[in-house]
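S.K.: have a look at this prediction, sequence included:
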Amino acid sequence: MAVKAPFNYIGNKYRIIELIQEYFPKNIDTFVDIFCGGCDVTVNTIANKVYANDINYHVIGILQEFQNNDVDFILEHIDTTIEKWKLSKTNESGYKAFRNHYNQTKNPLDLYVLMCYSFNYQFRFNSNHDYNNPFGRNRSSFNEVMRNNLILFKKQIDDIHFSADDFCDFNYDVLKSGDFIYADPPYLLTCGSYNDGKRGFRGWTENDDCELLKKLDMLSDRGVYFALSNVLEHKGSINNLLIDWASENDYVIHDINFNYNNCNYHTNNRNNTTKEVLITNY
């Protein structure tokens with residue numbers, strides 16, 4: 001059974017991890033998850049060396065704190081913080097006071113606790129990089145499921161190399177011929193709120209898509225295997241850039257069929273179909 005990251009990160013691939021990993025290479029030496037987010041794909045991919053990168057340094061900071069501290073210390077910090085600030089599904093004033101506290105101290109473990117009580121468990125920041133997500137009344141909390149996920153997740157991350165680089169600045173020299181990179185960037189067609197903080201806090205643009213495709217072409221030329229998650233169609237819009245790129249390079253498009261219930265960019269309306277795919281160079 002797949003390990004679930006202790007986040008409810010928008011855009012995470014936990015629910016389709018088995019569908020996409022069906023197309024991953026076997027016997028991976030070095031694996032890079034270049035847009036790792038909450039690391040659901042990272043911790044469920046077996047490789048001799050694993051690199052997890054995301055430009056959202058707030059999330060990477062939390063992951064590094066998880067990696068560098070004993071799980072009992074982490075859980076004690078979480079429980080003590082919840083008790084101190086009287087955090088609950090209904091105490092909005094306590095949440096706001098704690099949010100103000102975090103924005104002054106910027107403690108990564110406090111950010112994790114804050115996220116647990118925020119609306120839709122999202123990481124949202126203003127232009128000053130202060131956390132500004134509203135309260136998750138009657139829905140969000142650090143519950144027993146998240147506690148258990150954290151305990152299991154912690155066991156999987158000791159040897160992961162974390163970094164918070166822009167994908168353009170990542171050191172791709174760690175990859176040699178036969179290695180594997182997975183890319184799950186923000187999707188232009190869906191414009192999900194997970195774009196916040198993904199690219200210097202300004203969202204994701206078509207130019208970013210083009211730069212990423214160039215990087216994947218470059219790696220492919222070096223003999224590196226890649227898999228790219230994205231959507232080809234959403235609410236009547238077609239991703240012609242992606243379709244043309246895959247066709248011109250003879251890359252393989254795999255349909256990922258999954259019924260996303262309660263997902264903000266998927267719908268049961270047949271006229272608003274979302275076609276999710278995995279594109280590989282093998």
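M.R.: Thanks, I have the structure now.
S.K.: which residues does the longest helix seen in the chain contact?
M.R.: If you go by DSSP state H, the chain has its longest helix at helix 206-221. Outside helix 206-221, the residues that touch it by CB atoms under 8 Å, 6 or more residues apart in numbering are 167-168, 172, 175, 181, 183, 185, 188, 199, 226, 228, 241-242, 245, 249, 281. Yep, even glycine has a C-beta here, placed from its N, CA and C like the rest.
S.K.: lowest-confidence helix or strand of this structure?
M.R.: strand 237-238 (a mean of 92; mean pLDDT, DSSP states H and E).
S.K.: list the contacts of that one.
M.R.: 189, 232.
S.K.: rerun at 10 Å
M.R.: For strand 237-238, contacts defined as CB atoms under 10 Å, 6 or more residues apart in numbering pick out 188-190, 231-232, 274-275.
S.K.: nearest to residue 101, of the residues you listed?
M.R.: residue 190 (33.4 Å; CB to CB).
S.K.: okay, residue 188: pLDDT?
M.R.: Per-residue pLDDT puts residue 188 at 86.
S.K.: and for residue 123?
M.R.: For residue 123, pLDDT reads 89.
S.K.: same question, residue 203
M.R.: Taking residue 203 on its own, its pLDDT is 75.
S.K.: do the same with residue 192
M.R.: 51.
S.K.: then residue 127?
M.R.: Listed pLDDT for residue 127 reads 86.
S.K.: that one: neighbouring residues, count only.
M.R.: 8 (other CB atoms under 10 Å).
S.K.: how about it, secondary structure?
M.R.: What DSSP: H, G, I helix; E, B strand; the rest coil gives for residue 127 is coil.
S.K.: distance check, it against residue 62.
M.R.: Per CB to CB, to the nearest Å, residue 127 is found 21 Å from residue 62.
S.K.: what of residue 21?
M.R.: Taking CB to CB, one finds residue 21 at 24 Å from residue 62.
S.K.: would you agree residue 182 is in contact with residue 31?
M.R.: Yes. At 7.3 Å, residue 182 counts as touching residue 31 under the criterion of CB atoms under 10 Å.
S.K.: what touches both of those two?
M.R.: Common neighbours of residue 182 and residue 31 (CB under 10 Å, 6+ apart) are 24, 41-42, 45, 225.
S.K.: need those residues in TSV with pLDDT, can you?
M.R.: Below are these laid out as TSV (pLDDT from 0 to 100):
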residue	pLDDT
24	98
41	97
42	98
45	98
225	98
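S.K.: re earlier: neighbour-wise, which of residue 21 and residue 62 wins?
M.R.: Neighbours were tallied for residue 21 and for residue 62 using other CB under 10 Å; the higher tally belongs to residue 62 (23 against 17).
S.K.: OK, contacts around that one?
M.R.: 6-7, 38, 56, 107-113, 115, 123.
S.K.: so what pLDDT did it get?
M.R.: Residue 62 is given a pLDDT of 98.
S.K.: what's it sitting at in phi/psi?
M.R.: phi -60, psi -50 (degrees, to the nearest 10).
S.K.: next: residue 126.
M.R.: phi -90, psi -170.
S.K.: these two touch, right, it and residue 132?
M.R.: Yes. Counting by CB under 10 Å, residue 132 is a contact partner of residue 126 at 4.7 Å.
S.K.: so between the two, which is more surrounded?
M.R.: Per other CB under 10 Å, whichever of residue 126 and residue 132 has more neighbours is residue 132, with 14 against 11.
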